[in-house]
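Engineer: Predicted model follows, preceded by the sequence.
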Amino acid sequence: MIPGSRRARLGWVDAAVLSAVVVALGYVFHRVDAVLEYRWDWSAIPNSLYRWDEETGRWVPNLLMQGFFTTIRLAILSMVPAALFGAVFGVLRTAGRLFPRLLSRTYVELIRNIPPLVFIFIFYFFISSQIMPILGVEDFVRGASPATLRSLELVFGPAALIPNVISGVICLAMFQGAYMTEIVRAGIQSVPKTQTEAGLSIGLSRWELWRRVILPQALRRVIPPLAGQFITLVKDSSILSLISIQELTFLAMETAVSTTRVFEVWISVAGLYFCLCYLLSLAFDRLERNAAAARA
């Protein structure tokens, strides 16, 4: 039997903790109602999720669900370059030469020691404003054919915000890539040096040593923390609302203002984030257990 594969059972300690959480939540709601004299009204939330479209004759996503889907899109788009940053700089962190190590260390320390809010503002207003015109993103979007534009909107969202989304994706990827760099570095360094020495002693080249000995073992060690970092990336995508990317947090602010249902909107948004992150956690846990079963 695989370790940890037995079914979890609800014990009396778990029941006590769950009861305490329920009581605490009830107390919070009571204090909000008693102190702030807040009148709860959840009637606006369903319509903020989906609305009936008279033209198409069907239910379509409204602001909150549009933002929810944009958050998923941002997380997926950011994960690929973030993993690339993490892999490249993680390998450089373990290089034998000084310059690659200094380059990677500078990248990691610079980003990890700057608050995300400050980093986004610096990147977007000072760096992205110079990079996007050089890349010609706006000109490409304006001159794109209808078919190309539909494909771009399917990937990046509304055409008018594509430059913002690309800037946000790069910014989020660079920020998360710094943490993934340390995960990859730790995974590589966790492989015993004796195995490296043994591989060299039997005549393996550096490339063969990496491909056959180091990377397979390091990959198994870094998958769980990388999965956790991806969930963190989903939550950190909310800071992109500061550069007018219409993800869940940005549209939640608009919904809270338009409906005046502040508590209801933000509790619903917290529930959406929780559902997404919890489902991802379950999926990654399942993948990890399947990988462990395959190695057994």
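Structural biologist: Received the coordinates, thanks.
Engineer: contacts, neighbours, all on C-alpha from now
Structural biologist: Will do.
Engineer: Going along the chain, name the strands of this structure.
Structural biologist: Applying DSSP state E to the chain gives strands spanning 50-53, 58-61.
Engineer: any chance of the ones you listed in CSV, with distance to Arg185 and mean pLDDT too?
Structural biologist: Shown next, in CSV, are the strands of the chain (distance: least, CA to CA, whole Å; pLDDT from 0 to 100):
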stretch, distance to Arg185, mean pLDDT
strand 50-53, 44, 86
strand 58-61, 42, 86
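Engineer: between these, which one is nearest to Val80?
Structural biologist: Proximity to Val80 (CA to CA) singles out strand 58-61 among the strands of the chain, at 26.6 Å.
Engineer: Nearest residue to the middle of the chain?
Structural biologist: The residue lying closest to the centre of the chain (CA atoms, centre = their mean) is Leu233, at 2.2 Å.
Engineer: dump the residue contacts of it.
Structural biologist: 75, 79, 172, 176 (CA atoms under 8 Å, 6 or more residues apart in numbering).
Engineer: Turn the residues you listed into TSV, columns for pLDDT.
Structural biologist: Below are those laid out as TSV (pLDDT from 0 to 100):
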residue	pLDDT
Ala75	90
Met79	90
Leu172	89
Gln176	90
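Engineer: Val28: which of the residues you listed is nearest?
Structural biologist: For the contacts of Leu233, the nearest to Val28 is Ala75 (31.9 Å; CA to CA).
Engineer: Contacts only, for the closest one.
Structural biologist: Ala75 makes contact with 230, 233-234, 237, according to CA under 8 Å, 6+ apart.
Engineer: follow-up on the earlier one: ok, so of the contacts of Leu233, who is nearest Arg51?
Structural biologist: Using CA to CA, Ala75 is the member of the contacts of Leu233 that sits closest to Arg51, with 25.2 Å.
Engineer: residue boundaries of the helices in the stretch 101-250 of the chain?
Structural biologist: Assigned by DSSP state H, counting those that start in this stretch, the stretch 101-250 of the chain shows helices spanning 116-122, 129-135, 137-142, 146-156, 162-189, 193-201, 206-209, 215-236, 248-259.
Engineer: Out of those, which is the most enclosed?
Structural biologist: helix 162-189 (a mean of 23; mean count of other CA atoms under 10 Å).
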